[in-house]
Structure formats: structure tokens, C-alpha cells
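Undergrad: Okay, predicted coordinates and the sequence, questions at the end:
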Amino acid sequence: MSVMLQLSLIRSRARIVSMALGFGVFEYIVGLSYASVNHNAIRSLVASLPPALRVLAGQANIASPTGYLGSGYLHPVALTIQGALVISMASAVARDRESGAAELILSRPIAPWRWLTGQAVAVSIALCIVVAGGLIGGLIAVAQVHDLGSVHPASLMLASLMGGLMFLAVAGVTLLISIIATSGARAVGWSAGFVVISYAVNYLASIWTIAKPLGVISIFHHYDPGVITTRGHLSAVDVAALVGLTVVSVAASIVCVQRRELAST
Amino acid sequence: MTGGRAWVRSREMSDLAIDARGLTKNYKGARGITNVDLEVHRGESYGFLGPNGAGKTTFIRLCLGLLHAQSGSVAIFGHDVMVDRSRALAEIGYLPGELSLYGSLSGTATLDMLSRLHPRSPVRRHELLEVLGLTRADMRRPVRQYSRGMKQKLGLVAALEHDPPLAILDEPTGGLDPVVQLQLTDWLRERVHAGMTLFFSSHILSEVESLCDRVAMIRDGELLLVRDVNDLNLSSMRIVKMRFGSPTDPSAYSSRHISDIRVEGTLHECTLQGSPAALIDALTRCEIEELTMVPLSLEDAFRALYVPNSGEST
């Protein structure tokens, strides 16, 4: 497994470093931007927005320092960086099957589940590095921007941790899809589709009463970084939901990979 | 297969490097292989011939447990691939037909990574690098910069560096220049002489003839024949094409060395085995306008060696 872990990290090292730096710079800029805005203007702007737009930033008050910084984790840039990382790395399983590179590995006495587990651990490590990059950027901003002084570093860490858990769940689902899908492109497409549909379901549930019960099935329902930075603690239910999805999807992937034919056809 | 059966089989068949019985694999909408029985003995050099799409690669992937058979079984040195895959694969060095490597890794990193996945030490790496002409500078470069031939060489080193008891090579000389092909053939012959079992697929008859003890031919997923390569005598077989000035009866030139005669007007085609002297002598008495003789291609060999509906299969 350690060979597959190393291989996966080596192949993705440029991507991991650039995304960690990018995420850090982005969160730093989000933090810096709080000093340059008129807080009353933000409050008025948020108050004037229709609910359908207001929910895009989560349930927290984005005029507050904690809500503002936390909502940076829900920005499309932050979501794209983390989503792109886990989907591109976890779908390598499908791409390697398609290209025949997996055949070279699996023709050696290595159990398919070890091959898959190596990939899963590599995605987890890479995600930790990128999430840490974002967190460091946010913490530097908190240290430099006086107006963000009320943001407790621990609450920012919890928000980062929860982001990591959500994208770990995305990685688990992508691994499962990659074992089932017949090509790398399909694995990426279906995984991206899962994230987009999940986002859409949560959005609809937030603005439409009839759809509200559906919200719980979305991973985004369990991730509101603005609320976490404001309250300073995590919801056990949300943590359990995201960890549960990760465990179930990875376990299903391991069962599937032992049964699937792994040669390209 | 149950563990008990696997144990019994392991005891009985350990002299067989590959023991496939009734192996059948069909794909959705595509032909795989049907009821293939094949035995490759320990220390044997075995050629697996067939045109593209015949089922060669499917058979090999079944031997490696990368595909699952609908029926039948295959054992490597007595280890059933579906029951005891790890022990079976520990005996094998494998070169895929469609080699795909990690472009971002250097040649050395690729070999190091692959060798760590195998329980046997890469004791023959340096020897193989020399035989195949891969230099230290080549090995430092990322694989994405390699030509097709260099990738093939790297794949061969990865397959053979740990001195496997059984080498399964799918089209091993593809992309190699003739000099390196000869060097590789010599090296493989030496290793087979030292006890390695070699099973390789090819569509190049001369390669199979020069290296193999036995040859199996497969087409449309069915094993057509298994023969001792000396019995085939393929190198002395030629396809003869003749154009006559007027309609000519084949009996004018036919003999026991000539088979598979086909006539279209004044154009005749047949397979000749052995010396052409008698045929040329007979043709001097006919109104021959044009005569060509070409070595046997793989398809010609199938035509010459396999008689449909004869029931001959092995």
C-alpha cells in the first residue's frame, strides 16, 4: 500500500502544492478584503438581497468578521480548488484502468484493495495539505487584519476541518464511481455531477419549503463554515453524516474493487 | 474452485507452469475465448500465435486474474489464479501488450516502484538494461520523453528483472529495432535454457520459430492447434502464386509438398513445403507467365496448418 501511496502523491505533487498555495492565497485575500469594506454597507446589502441570493453565503451573518471569513470557504473558488483536487486524484483509479497502467500494477502480487486503499490514503493526505494551506492563509489574515480580531483561530480550524471532511466524502464517492465507471472521463463527470446536484439540492432546500426535507441528503447541508466560525463548535450530526458517507463509500469501493475486472477491455 | 480442490490440483500439477482448463470468457457484444485448454510445462518456451482480436490478450489476462472467466480455471505452477492469486502472480513476470507507464516518473523510479510490488529482488536489472541498450541517462529521463521502443524496453526490464520462473510477454518485440530484437531473443533463449518458462504471444512467425519449443494457434477465441514447433517447419513453407498463359490443370504441378491449391481462371495459388526445385521443374513444362514465392504470413500459416471441420484442435 505504501508504494501506491507514494506513487499517487508523487504523480500529484505539483497539483497538491499549487492548490495548497492557491487556497492559502485566496483565504488570505478574503481575510484582507474585510478591512477594506464598509461593514454597514455589507449589512445593508445583505438585508436588501432576496433570500434566494442570501443563502448562497450560508446561514451566518456575513457582515460579522466570523461569518465573513467563514463564508470564504463557501466561495466557488474555495469549493472548486478542493473539489478539483479530490476528484482528479480519486478518479485516477478509473483513468489508470482505462490506460492500462493499473494492469501493470495489478499483474504483480498486490491485492486490488491495497491498490485502492493506497489511492484513498493519498487523496486524504493531499486534501489535508490543501486544507492546511487555506487555513494558514486565513490565520495569517486574522493575525494581520485588526477587524478580524474577534475570529478565534480554533473556530477557523474547525471550519477547515469540516471542509476537509466534506471533500473527503466527495473523494469516497469518487473512488466508488471510479471503480464502477468504464472510463476516467465518466468518473470525473459523474463525480462532478454528484457535487453539483448535491449543491443544488441543498440550495433548493434552503429557499423552498417543500424541498426542505431533501436538504439532509446533500453534503452541503452538513457544511456551513460561516456558522462554525461564528459558533465555534461542530455539529455532531453533521460530522457523523460526512464521516459516515466517507466510510460507507470507501468500504463499498473496496468490496467492488475485489470483485471487478480491472483490465481495460 | 474450493480450497481443497486447489490443494489437490497444486500437488498434481506443479510441473505445469500454466494449466488452463475449459477457460471461457465472453464480453458483452464481443468475442473473448471459448473453452480453451492449454498446458505449458515448466521450463518450456511456448509461443501463442493469433491475429489481432483472436483472444490472446484475453487468455493472458485470465492467467493473471485481471479478468474473471465465465467457466473453467487456470493455475500457475499449481496455484489457482482465482483462489490463490498472490502466490500465482509472485511467480510471473508480465509485459502487457499495450504498455502504459506513468509519464511523470523517470525510468529508474518506474522500475524501483514496480520492483517494490514484487517479492523477488530485481537481480537482473543491470544485465537487462545493458542487453536492451538503456543507458543511465535514459533512465534518468521522465518516461513521457521516451519513444515507443524505449517504453517497450523499460516494460521488458520491469517484467524480467526479478528473474521470474514464468515470463508472460504479450508481443515483446513490438517497437524494438531488429538488433535489439535479436539481443532480446538471445537473452530469453539463455534464460529458458537456465530453467525459466517463457509464454509469449506474437504474430511474427519467425520470432516464434526461433524461440519456441511449442506453439499454440488461436483464432476467433478458439484454440485451433498446439504443435511442436519443429513439426510445423514453417520456415520452409512458402505461398506460391502462378499465372499461366492458358487454363491449366493443377495436377500438372501438384505433389505431396503442395497443398491448399486455389484456382481463379489462369491464376493459381498454393502452399509449398520444402524445396521448390520439383515445382519449378514441373512448371517448365507448363505455359507459365509469372511466378512469385513469398514466406508464410500468420494468416497463411493458419490456412496451411488448420483444416476447418476436420475436428483437429490440438
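TA: Okay, I see it.

Undergrad: show me where the stretch 151-300 of chain B has strands.
TA: B:166-170, B:197-202, B:214-219, B:222-228, B:237-244, B:258-264, B:267-273, B:288-295 (DSSP state E, counting those that start in this stretch).

Undergrad: Taking their axis directions, the last one and strand B:267-273 sit at what angle?
TA: Direction vectors for strand B:288-295 and strand B:267-273, defined by axes from the mean of the first three to the mean of the last three Cα atoms, to 10 degrees, enclose an angle of 40 degrees.

Undergrad: What count of nearby residues applies to residue B:130?
TA: 12 (other Cβ atoms under 10 Å in any protein chain shown). The C-beta positions use only the backbone N, C-alpha and C, and glycine is treated the same way.

Undergrad: do the one 4 residues further on as well
TA: Neighbourhood size, residue B:134 [other Cβ under 10 Å]: 22.

Undergrad: Could you pick out the residues of the stretch 151-300 of chain B near chain A for me?
TA: B:155, B:158 (Cβ under 8 Å from any Cβ of the partner chain).

Undergrad: what about the stretch 151-300 of chain B, any weak spots by pLDDT?
TA: Residue ranges of the stretch 151-300 of chain B with pLDDT under 70: B:233-235, B:297-299.

Undergrad: Let's see that with 80 instead.
TA: B:203-207, B:209, B:230-237, B:295-300 (pLDDT under 80).

Undergrad: before we move on, back to that, any chance of the strands of the stretch 151-300 of chain B in TSV, with mean neighbour count too?
TA: Output for the strands of the stretch 151-300 of chain B, formatted as TSV (neighbours: other Cβ atoms under 10 Å in any protein chain shown):
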stretch	mean neighbour count
strand B:166-170	25
strand B:197-202	25
strand B:214-219	22
strand B:222-228	17
strand B:237-244	19
strand B:258-264	14
strand B:267-273	18
strand B:288-295	13
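
Undergrad: Residue B:258 contacts residue B:270, correct?
TA: Yes: with contact defined as Cβ atoms under 8 Å, residue B:258 counts as touching residue B:270 (5.0 Å).

Undergrad: overlap in contacts of those two?
TA: In terms of Cβ atoms under 8 Å, 6 or more residues apart in numbering or on different chains, residue B:258 and residue B:270 are both contacted by the residues residue B:240.

Undergrad: Might you report the residue contacts of whatever residue of the stretch 101-250 of chain B ends up closest to chain A?
TA: At 4.2 Å from chain A, residue B:117 is the closest residue in the stretch 101-250 of chain B, using Cβ to the nearest Cβ. By Cβ under 8 Å, 6+ apart, the contact list for residue B:117 reads A:3, A:105, A:108, A:109, A:110.

Undergrad: tell me the contacts of the first one?
TA: Meaning residue A:3. So residue A:3 contacts A:118, B:113, B:116, B:117 (Cβ under 8 Å, 6+ apart).

Undergrad: mind redoing it with 10 Å?
TA: A:105, A:108, A:110, A:114, A:115, A:118, B:112, B:113, B:114, B:115, B:116, B:117 (Cβ atoms under 10 Å, 6 or more residues apart in numbering or on different chains).

Undergrad: for the record, mean pLDDT for the host helix or strand of it?
TA: In the assignment (DSSP states H and E), residue A:3 maps to helix A:2-11. The average pLDDT within helix A:2-11 is 92.

Undergrad: Quick check: buried residues in that helix?
TA: Neighbour-count burial for helix A:2-11 flags A:3, A:4, A:5, A:7, A:8, A:9, A:11 (criterion: 16 or more other Cβ atoms under 10 Å in any protein chain shown).

Undergrad: can you tell me which residues contact the residue nearest to the third one when sequence neighbours are not counted?
TA: In space, not counting the residues next to it along the chain, residue A:5 is nearest to residue A:118; the distance is 4.5 Å by Cβ to Cβ, 6 or more residues apart in numbering or on different chains. Contact criterion Cβ under 10 Å, 6+ apart gives A:1, A:2, A:3, A:4, A:5, A:6, A:7, A:8, A:9, A:105, A:110 as the residues in contact with residue A:118.

Undergrad: Residue A:118 and residue A:255, how far apart?
TA: 17 Å (Cβ to Cβ, to the nearest Å).

Undergrad: Surely residue B:94 forms part of a helix?
TA: No: looking at residue B:94 with DSSP: H, G, I helix; E, B strand; the rest coil, it is strand, so not inside a helix.

Undergrad: Find the nearest non-adjacent residue to it, please.
TA: residue A:107 (4.2 Å).

Undergrad: Please verify my assumption that the one you found contacts residue B:97.
TA: No: if you go by Cβ atoms under 10 Å, residue A:107 and residue B:97 don't touch, sitting 11.8 Å apart.

Undergrad: Dihedrals phi and psi, residue B:29?
TA: Backbone torsions for residue B:29, taken as degrees, to the nearest 10, come to phi 70, psi 10.

Undergrad: Measure how buried it is and give me the count.
TA: That count, for residue B:29 with other Cβ under 10 Å as the rule, works out to 5.

Undergrad: next one: residue A:202
TA: For residue A:202, using other Cβ under 10 Å, the count is 22.

Undergrad: Please apply the same query to residue B:164.
TA: 22.

Undergrad: Likewise for residue B:208?
TA: 25.

Undergrad: And for residue A:211?
TA: 14.

Undergrad: same thing with residue A:81?
TA: For residue A:81, using other Cβ under 10 Å, the count is 22.

Undergrad: what's the helix or strand for it?
TA: helix A:76-90.

Undergrad: Going by neighbour count, which residues of that helix are buried?
TA: A:78, A:79, A:81, A:82, A:83, A:85, A:86, A:87, A:88, A:89, A:90.

Undergrad: Please name the nearest non-neighbouring residue to residue A:72.
TA: residue A:30 (3.6 Å).
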